[in-house]
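Q: Kindly generate the corresponding structure for this input.
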Amino acid sequence: MTTKGNYILSTPPPAVRRLKFAMLALALATSSQVLAQYPERPITMIVPFPPGGVADTVARPVADAMSKELGKSVVIENKGGAGGAIGIGASAHAKPDGYTILFSLSSISILPEADKILGRAPAYQLDQFKPIARITADPTVLVVREDAPWKTAKEFIEAAKKNPQSITYGSSGLYGTMHVPMEILAHAAGISMSHIPYTGAGPAVAGLLGNHVQALATGPASVIGQVKAGKVRALAHWGDKPIASMPEVPSLKSLGYDATFIQWSGIFVPASTPAQAIDRLKSGVDKLAADPAFAKTIGNTGSPLDYLSADAFADYWKKDAESMAATVQKMGKIE
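A: Numbers count the residues shown, from 1 in each chain. Reported below is the predicted structural model:
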């Protein structure tokens, strides 16, 4: 026992110190063991769009494969609305314990900037997420009904020039990944069209098939079945190289229009998710990506596997977000 000023400072006996140290070591070991056993229960994968679109179509085989790899079910929860903002926002504010993950399209890069343009508080910020992996990366495809009068993209664009606002197109929501490419085309070609937003690609495709809208820009996975069935016609795409599932479809760039747009999909977690959980998810998805059977399954959706692991994806995402912010600023306020 020692004294300092008017206070008596006591040093615990060696036995007490040993007991406290043992208890601390046990607590740390128990905590590490719990995290090392992740996951111990099912994981919820939020898909911020209704069933039927690219995100949902690709997410389902990803969730199935992850369930087998992780040893626990990965359950899809479709939470659509506001071009993806509702589901992405819900994921950003979910408990960061590794049991809520997000499967998003590139709209995650666009929407915060769109909220700024519209003068409203963003539903989330990009730094609220950590990327786990990119799964696919496809250019969007311009499609119309098979009985539409336009056989080529040039015919479609000429019709839009002659009659501004006469052609209607559907999307997954304002500033979403089906809206932005059509605005890029409109600027590049000097045309204007009428935008009709839906809650996701699935409902928008249904709107096209039902003749409620005349055109769409969407990922190949959303429409490859309808193209093969002869229900819709693909006129062009927003990429810079041929699409594997639609090799005969020309790019807008090859037709002389400066219009490119990539609709990628990827897995994210809330930024504060424990490192052990993040590492387990990263290693699990990396292992899947190296499996030819997984690549074949993803390719069967109409969107081939275009994998980037976490670090490479983080770099890609940063550049994409900067590019999309500039695109949204160019688009300006649209309501």
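Q: What ranges does the stretch 51-200 of the chain have for its strands?
A: 74-78, 100-105, 129-139, 141-145, 168-171, 194-197 (DSSP state E, counting those that start in this stretch).
Q: before we move on, which element is Thr327 in?
A: Per DSSP states H and E: Thr327 is located in helix 310-331.
Q: what angle do that helix and strand 129-139 make?
A: 70 degrees (axes from the mean of the first three to the mean of the last three CA atoms, to 10 degrees).
Q: Run through who's touching helix 310-331.
A: By CB atoms under 8 Å, 6 or more residues apart in numbering, the surrounding residues in contact with helix 310-331 are 106, 109-110, 113-114, 117, 126, 130-134, 175, 180, 183-184, 187, 262, 264, 266, 282, 308. Quick note: C-beta positions are derived from backbone N, CA and C, even for glycine.
Q: mind running it again at 6 Å?
A: For helix 310-331, the surrounding residues in contact (CB atoms under 6 Å, 6 or more residues apart in numbering) are Ser109, Ile110, Glu113, Ala114, Leu126, Pro131, Ile132, Ala133, Arg134, Glu183, Lys282, Leu308.
Q: Name the nearest residue to the second one, ignoring sequence neighbours.
A: What sits nearest to Ile110 in space, not counting adjacent residues and going by CB to CB, 6 or more residues apart in numbering, is Met324, at 4.7 Å.
Q: Against Ala244, how distant is Leu308?
A: Noted for Leu308: a distance of 17 Å to Ala244, by CB to CB, to the nearest Å.
Q: And the two? Which one has more around it.
A: Ranked by neighbour count (other CB atoms under 10 Å), Leu308 and Ala244 place Leu308 first, with 19 against 12.
Q: Shouldn't that one be within a helix?
A: No. Leu308 sits outside any helix when classified using DSSP: H, G, I helix; E, B strand; the rest coil, being strand.
Q: Any idea what the residue lying closest to it once chain neighbours are set aside is bridged to?
A: Among residues not flanking Leu308 along the chain, Arg134 sits closest, at 4.0 Å (CB to CB, 6+ apart). With DSSP bridges applied, Arg134 shows beta-bridge pairing to Gly266, Leu308.
Q: and Arg134, what does it touch?
A: Counted by CB under 6 Å, 6+ apart, Arg134 has contacts Trp264, Gly266, Leu308, Phe313.
Q: and these as TSV, adding pLDDT and distance to Val144?
A: TSV is the format used below for the contacts of Arg134 (pLDDT from 0 to 100; distance: CB to CB, whole Å):
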residue	pLDDT	distance to Val144
Trp264	97	24
Gly266	98	29
Leu308	98	32
Phe313	98	33
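Q: and these, which are buried?
A: Among these, those classed as buried by 16 or more other CB atoms under 10 Å are Trp264, Gly266, Leu308, Phe313.
Q: Quick check: the gap between the last one and Ser192.
A: Going back to what we said before, that points to Phe313. From Phe313 across to Ser192, the span is 36 Å (CB to CB).
Q: picking up where we left off before, out of the contacts of Arg134, the closest to Asn78 would be?
A: Distance to Asn78 across those (CB to CB) is lowest for Gly266, with 17.2 Å.
Q: about what we covered before: closest one to Val58 among the strands of the stretch 51-200 of the chain?
A: strand 129-139 (5.7 Å).
Q: picking that back up, let's see the pLDDT reported for the residue nearest to Leu308.
A: Looking at Arg134, its pLDDT stands at 98.
Q: Can you find the helix or strand of this structure with the lowest average pLDDT?
A: Ranked by mean pLDDT, DSSP states H and E, the weakest helix or strand in the chain is strand 7-9, scoring a mean of 42.
Q: ok, the contacts of Arg134 vs Asp97, which is closest?
A: Gly266 (20.3 Å).
Q: Quick one: low-confidence residue ranges for this structure.
A: Applying pLDDT under 70 to the chain picks out residues 1-36.
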